[in-house]
Each structure stands twice: as structure tokens, then as C-alpha cells.
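Visitor: What follows is a predicted structure for the sequence shown.
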Amino acid sequence: MNYIFLFIYFLFGNAPTEVHTLTVTINNIKSIEGAIEIGLFDKDGKFLEEGEAYKSISVVVNSSSESVVIKNLPKGVYVISLYHDKNGNGKCDRNFFGIPKEPYGFSNNFKPKLSAPSFENCAFNLTSGQSVTISLIN
């Protein structure tokens, strides 16, 4: 038996966590300016709350399609929420009713109707390295 594995098991009480890579491609970018702000969520209760993302990533927009690779993710259920911060003010600008004025998107390409999506609407199961594509809603 592998002694390093036994040592890690002894220290942490369980086997090392298996990690995966997630590639996120954002398309339907209509203006080449600003940045795409991505939030990766792993908990339903914290979904869409500012500052509560499991990982936050910013991608400078240089073309009509951008990709980002997120490494070292444990297997589990995740949701991606993103928006195109065209004016670079660090927030998703909204109208009087709270509807985003800047392009946005969710995993599963879920398109909300009259309210924000639920975690379940956008959730996907990461069990191995995989890719997702999200088309911005303009």
C-alpha cells in the first residue's frame, strides 16, 4: 500500500479529494469592451448573493467569444452566473425593476422569465473534466 496515501489519510481522516477542470465558454458577446464577471456557486443558499461565490473570475473581453479554464474543482453540483460589465463599474447595472441592463447568462443557458432563476434551474453536476457554453442574454 502507498505510504504517502496512508500518511495523508491519517492526517486528514479521509482520502484526498479528486479535482477536475471546468472550461467555460461565453459567446454572443456583442460589444468588445469591459469584462465578463463570472461567479461559480456551489451552495443553493448562497446562490446569486454578492460576495458568496465559491470562485469569482473576471475575463477581459477581446472578442465575441471568450473562454476561461477553472482548475482544481472538487466534484459536485455547481451553478454559473455571469454578466458583461461593459462600462467597467464593477457591478451588473439594473433597471428600476431589477432586471439587468447589461448582458448576462446562467449555466444550462437558463433564461429567466419574471424572476431570478433558482439554483436547480442552472445546476450541473461536475464529475470529471468538462466544458460548458453560455450564450449571453442581451
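Guide: All right, it came through fine. Numbering: from 1, shown residues only.
Visitor: And for the closest residue to D44 other than its chain neighbours, the neighbour number?
Guide: Distances taken as Cβ to Cβ, 6 or more residues apart in numbering place F119 nearest to D44, at 4.0 Å, with adjacent residues excluded. No exception for glycine: its C-beta is placed from N, CA and C like everyone else's. Using other Cβ atoms under 10 Å, F119 is surrounded by 17 other residues.
Visitor: Give me the next element, helix or strand, following the lowest-mean-pLDDT helix or strand in the chain.
Guide: Sorting the helices and strands of the chain by mean pLDDT, DSSP states H and E puts helix 3-12 at the bottom, at a mean of 54. Remark: after helix 3-12, the chain's next helix or strand is strand 19-27, criterion DSSP states H and E.
Visitor: count of neighbours near the closest residue to K101 other than its chain neighbours?
Guide: Excluding the flanking residues, the one nearest K101 by Cβ to Cβ, 6+ apart is D93, at 4.6 Å. D93 has 12 neighbours, counted by other Cβ under 10 Å.
Visitor: before we move on, what about the one 4 residues further on?
Guide: Here the count is done by other Cβ under 10 Å, and F97 has 6 residues near it.
Visitor: Quick check: phi and psi on it?
Guide: Per-residue torsions, F97: phi -90, psi 0 (degrees, to the nearest 10).
Visitor: Quickly note the distance from it to K91.
Guide: From F97 across to K91, the span is 16 Å (Cβ to Cβ, to the nearest Å).
Visitor: I80 too?
Guide: As judged by Cβ to Cβ, I80 and K91 stand 18 Å apart.
Visitor: Please say which of these two ends up with more neighbours.
Guide: Taking other Cβ under 10 Å, I80 and K91 do not tie; I80 has more neighbours (24 against 11).
Visitor: Output the below-cut-off pLDDT ranges for the chain.
Guide: 1-16 (pLDDT under 70).
Visitor: how about the strands of the protein, start to end?
Guide: For the chain, the strands defined by DSSP state E cover 19-27, 35-41, 55-60, 66-74, 76-85, 104-106, 124-126, 130-135.
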